[in-house]
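Peer 1: Need coordinates for the below:
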Amino acid sequence: MLYATKTALVILDDLLPWQKVNIAAFLAGGLAARHAIIGEPYRDASGQAYAALIREPVFIYGTDAAGLRRTHGRALSRSLDIAIYIREMFATTHDAANRAAVASVTSEALDPVGIGLHGERKIIDKVTSGLKFMA
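Peer 2: Numbers count the residues shown, from 1 in each chain. Okay, here's the model as predicted:
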């Protein structure tokens, strides 16, 4: 099924595996909350209920620092409302500290290790052009 919108995560590819997965979870959660992209709850044949999931595929790309900065710049130039995870957030222990870490750095000086994007398919495709899916 082809959706009108697209959700993409772009994550620095030289991180430890647990860091990549953690960043993906944070970014996907932020996008799901911000863009209301949650589907309907699930129920198995026994009647057991399960939580709803994001209703469309999430495309996950890996790139180097230059590719991540380029993608971040492309997203900002198109006025996309993005989710961000910066390197300094690895040293924090709660949400308020994460926000403070981001607030302490200008857009140009951010050291992003992951960004989350959701928007019109064609725009997201342009922003992520040249990136490879994460292996």
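Peer 1: Spatially nearest residue to Thr128, not counting backbone neighbours?
Peer 2: Distances taken as Cβ to Cβ, 6 or more residues apart in numbering place Ala8 nearest to Thr128, at 5.4 Å, with adjacent residues excluded. Placement of C-beta: from N, CA and C, glycine included.
Peer 1: in the strand or helix carrying Thr7, what counts as buried?
Peer 2: Per DSSP states H and E: Thr7 is located in strand 5-12. Neighbour-count burial for strand 5-12 flags Lys6, Thr7, Ala8, Leu9, Val10, Ile11, Leu12 (criterion: 16 or more other Cβ atoms under 10 Å).
Peer 1: Repeat that for stretch 31-39.
Peer 2: By neighbour count with 16+ other Cβ under 10 Å, stretch 31-39 contains the buried residues Leu31, Ala32, His35, Ile37.
Peer 1: Is it correct that the last one is in contact with His118?
Peer 2: Yes: in this structure Ile37 lies within contact range of His118 using Cβ atoms under 8 Å: 6.5 Å.
Peer 1: Mutual contacts of these two, please.
Peer 2: When Cβ atoms under 8 Å, 6 or more residues apart in numbering defines a contact, the residues bordering Ile37 and His118 alike are Thr5, Thr7, Leu31.
Peer 1: how close does the last one get to Asp81?
Peer 2: Spelled out, it's Leu31. 9 Å (Cβ to Cβ, to the nearest Å).
Peer 1: Spell out which residues are contacts of both of those two.
Peer 2: Taking Cβ under 8 Å, 6+ apart as the criterion, Leu31 and Asp81 both touch His118.
Peer 1: Tell me which other helices or strands the strand holding Thr7 touches.
Peer 2: In terms of contacts (3 or more Cβ pairs under 8 Å, 6 or more residues apart in numbering; DSSP states H and E), strand 5-12 is packed against helix 17-35, strand 58-63, helix 65-77, strand 112-120, helix 121-127.
Peer 1: follow-up on the earlier one: looking at the buried residues of stretch 31-39, spot the one nearest Ser129.
Peer 2: Proximity of the buried residues of stretch 31-39 to Ser129 was ranked by Cβ to Cβ; the top entry is Leu31 with 19.6 Å.
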